[in-house]
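>>> Sharing a model prediction with you, sequence too.
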Amino acid sequence: IYCPCDGETLETREHILRECNRYSHFRNILEKASRSITVSEILGTTKGIQALHNFLQLSGAFTHTGQARPQANPPTYEDEPE
């Protein structure tokens, strides 16, 4: 599958994490855990996994739409039936 960023580049994990211009403004999150954004560093450390979690949550990368999911509001006491 080709990436929507240019229609020519394969949409691989590495492309999305390291190269895709759709997510460039979120890439600094990953760079804090791995300067060169290597998958082994990201997935092999607690700091890397937390950075990946934050990157995915904020960027919407790897979602069907490529957009961040809306923040879900937890139910409140007032939402409970009587």
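Done, it's in.

>>> how close does the spatially most central residue of the chain sit to Gly66?
Computing the C-alpha centroid of the chain and ranking residues by C-alpha atoms, centre = their mean puts Leu56 first, at 2.1 Å. Distance, Leu56 to Gly66, by C-beta to C-beta, to the nearest Å: 12 Å. The C-beta positions use only the backbone N, C-alpha and C, and glycine is treated the same way.

>>> residue ranges of the helices in this protein, please?
13-14, 27-31, 39-44, 46-59 (DSSP state H).

>>> Give me the mean pLDDT for the second one.
To tie it back to what came earlier, the one meant is helix 27-31. Average pLDDT, helix 27-31: 97.

>>> same thing with the third one?
Confidence over helix 39-44 (mean pLDDT, whole number) is 94.

>>> Now the residue nearest to the centre of the chain: closest residue in space that isn't a chain neighbour?
Phe62 (6.3 Å; C-beta to C-beta, 6 or more residues apart in numbering).

>>> go on, Glu19?
In space, and not counting its chain neighbours, Glu19 is closest to Thr9: 7.5 Å by C-beta to C-beta, 6+ apart.

>>> which residues touch the one you found?
Neighbouring residues of Thr9 by C-beta atoms under 8 Å, 6 or more residues apart in numbering: 2-3, 15, 19-20.

>>> repeat for Leu10
1-3.

>>> for Thr63, same thing?
Applying C-beta under 8 Å, 6+ apart, the residues contacting Thr63 are Arg69.

>>> same check, this time on Arg27
By C-beta under 8 Å, 6+ apart, the neighbours of Arg27 are 17-18, 37, 55.

>>> Most neighbours among these, please name it.
Top of the contacts of Arg27 by neighbour number is Phe55, holding 25 neighbours under the definition other C-beta atoms under 10 Å.
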